[in-house]
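In: Below: sequence and its predicted model.
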Amino acid sequence: MSTLVNTQIHLASRPVGEPILANFRLVELPVPELGDGQVLVRNHYLSLDPYMRGRMNDGKSYALPQPLDQVMGGGTVGEVVASRNASFTVGDKVVGMGGWQTYLVIDGNQRGVLQKVDTTHVPLPAYLGAVGMPGVTAWYGLTQIIAPKADETVVVSAASGAVGGAVGQLAKARGARAVGLAGGPDKCRYVVDELGFDACIDYKQHPDVRSLSMALKAACPNGIDGYFENVGGIILDAVMLRANAFSRIAMCGMIAGYNGEPIPMTAPQLILVNRMKVEGFIVSEHMALWPQALAELGGLVATGKLRYRETVAQGLAAAPEAFLGLLKGRNFGKQLVKLI
């Protein structure tokens, strides 16, 4: 087995401002022999996610910094190709945090590090998106924080992405009105025509808070009861101006400030005036609810009721460029890297 070569991508240096390709390094190492209890996984797909940008910094964040000169962390799906563990058989399809590499050697006895998945009705890559961390993120923020009632209006930024697209569809399934924000006419059309949102605003057409607020007023005639925040900046300001009394904001991401830019808030007094609930959350801190979330998401995907789109980069070497594109919104839906 030692003849196998594991290709990895390491974080070579910490970005100053925007990340660049030179922050990453491609490394090739032999795959070690398996010890007792270990499993060898051939990763098929790698998930690229915005949270990875925060981990590239050395500062205080909700995720530990990515160590330099080690394989970049990230979610993967793949297949067991060798096993010295009774719980895993060659051919098992698995999901885990395999990182930016082609092979993963892992102790199969550690609880929760490798989960077997059933690909009969749910395609393998969906376990990194709609039936994975992004889907559970959408489910948690919507059901546990926003908790929409029928006929309430829920707004979501980055609505064509893996998280945002699921938020709107889950809101619709609960009888709420779903309004998205996305960049460009193609993404907005997809959000309405394919994902079934009631409306979608192209934020690129509204460069200032007043213009965006007027667009939200037109799309949300009864105001905004729930907002799922992925972006921050002027989008949050515009939503605040249209928010109803007792509205709820689920704070999931603030990509407007991922490269260290300040994110001022123009009218925080509206939180008081409208008695708003603003709650940040990290989905990995709520593992007890994951089975409930995944049961609903898996059922919806298997029956075709939860739609999603994937942008797939080919080969591990393409991961850094695909990641930089993700941070600029070049992807459409869930960004994956196909490794096999």
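Out: Sure thing, it's come through. From a predicted model like this one, the values you see are computed outputs, not experimental measurements.
In: use CA for all of it now, contacts and neighbours both
Out: Fine.
In: now the strands: where do they sit in the stretch 151-300 of the chain?
Out: 153-156, 177-182, 199-202, 224-229, 243-251, 277-280 (DSSP state E, counting those that start in this stretch).
In: A22 is nearest to which of these?
Out: Nearest to A22 among these is strand 177-182; the distance by CA to CA comes to 29.5 Å.
In: now the angle from the closest one to strand 224-229?
Out: Using axes from the mean of the first three to the mean of the last three CA atoms, to 10 degrees, the direction of strand 177-182 lies 40 degrees away from that of strand 224-229.
In: Which residues does strand 177-182 contact?
Out: With contact meaning CA atoms under 8 Å, 6 or more residues apart in numbering, strand 177-182 is reached by 150-160, 164, 168-169, 171-172, 188, 191, 197-203, 219-220.
In: likewise stretch 131-140?
Out: 126-130, 162-164, 166-167, 170, 252, 282-283, 290, 293-294, 297-298, 301.
In: Kindly report the same for stretch 328-339.
Out: 43-49, 102, 129, 160-162, 165, 183, 187, 308-316, 318-319, 322, 325-326.
In: Just the buried residues of those residues.
Out: Burial by neighbour count, judged by 16 or more other CA atoms under 10 Å, picks out 43-49, 102, 129, 160-162, 165, 183, 187, 308-313, 316, 319, 322, 326 from the contacts of stretch 328-339.
In: Can you tell me which of those end up in helices?
Out: Taking DSSP state H as the definition of helices, the buried ones among the contacts of stretch 328-339 contribute A162, G165, K187, A319, A322, L326.
In: Would you mind confirming that the fifth one is in contact with Q314?
Out: To tie it back to what came earlier, the one meant is A322. No. Using CA atoms under 8 Å, A322 makes no contact with Q314, being 9.5 Å away.
In: remind me which residues of the stretch 1-150 of the chain are low pLDDT?
Out: Filtered on pLDDT under 70, the stretch 1-150 of the chain yields the residue ranges 1-2.
In: now the helices for it?
Out: Taking DSSP state H, counting those that start in this stretch as the criterion, the stretch 1-150 of the chain carries its helices at 51-55, 133-140.
In: Show me the one of these that comes nearest T89.
Out: Proximity to T89 (CA to CA) singles out helix 133-140 among the helices of the stretch 1-150 of the chain, at 24.6 Å.
In: State the distance from the residue nearest the centre of the chain to L124.
Out: The centre of the chain sits closest to P134, judged by CA atoms, centre = their mean, with a distance of 3.9 Å. In this view, P134 and L124 are 15 Å apart by CA to CA, to the nearest Å.
In: now E79
Out: When E79 is compared with L124 (using CA to CA), they lie 10 Å apart.
In: Let me see the domain layout of this protein.
Out: 5-129+309-338, 133-284 (automatic domain parsing).
In: what's the spacing between the first one and its chain's center?
Out: This points to domain 5-129+309-338. 14 Å (CA atoms, centre = their mean, to the nearest Å).
In: follow-up on the earlier one: mind putting the strands of the stretch 151-300 of the chain into a markdown table with mean neighbour count, mean pLDDT and distance to M214?
Out: Output for the strands of the stretch 151-300 of the chain, formatted as a markdown table (neighbours: other CA atoms under 10 Å; pLDDT from 0 to 100; distance: least, CA to CA, whole Å):
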| stretch | mean neighbour count | mean pLDDT | distance to M214 |
| --- | --- | --- | --- |
| strand 153-156 | 28 | 98 | 14 |
| strand 177-182 | 26 | 98 | 13 |
| strand 199-202 | 22 | 98 | 11 |
| strand 224-229 | 28 | 98 | 13 |
| strand 243-251 | 22 | 98 | 13 |
| strand 277-280 | 14 | 98 | 23 |
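In: Rebuild those strands as TSV, extending it with distance to Q269.
Out: TSV is the format used below for the strands of the stretch 151-300 of the chain (distance: least, CA to CA, whole Å):
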stretch	distance to Q269
strand 153-156	20
strand 177-182	24
strand 199-202	25
strand 224-229	17
strand 243-251	12
strand 277-280	13
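In: buried set for stretch 282-296?
Out: V283, W290, A293, L294, E296.
In: if we can go back for a sec, ok, so of the ones in helices among the buried ones among the contacts of stretch 328-339, who is nearest G59?
Out: Nearest to G59 among those is L326, at 21.8 Å by CA to CA.
In: Number of residues surrounding P125?
Out: Neighbour count for P125, taken as other CA atoms under 10 Å: 24.
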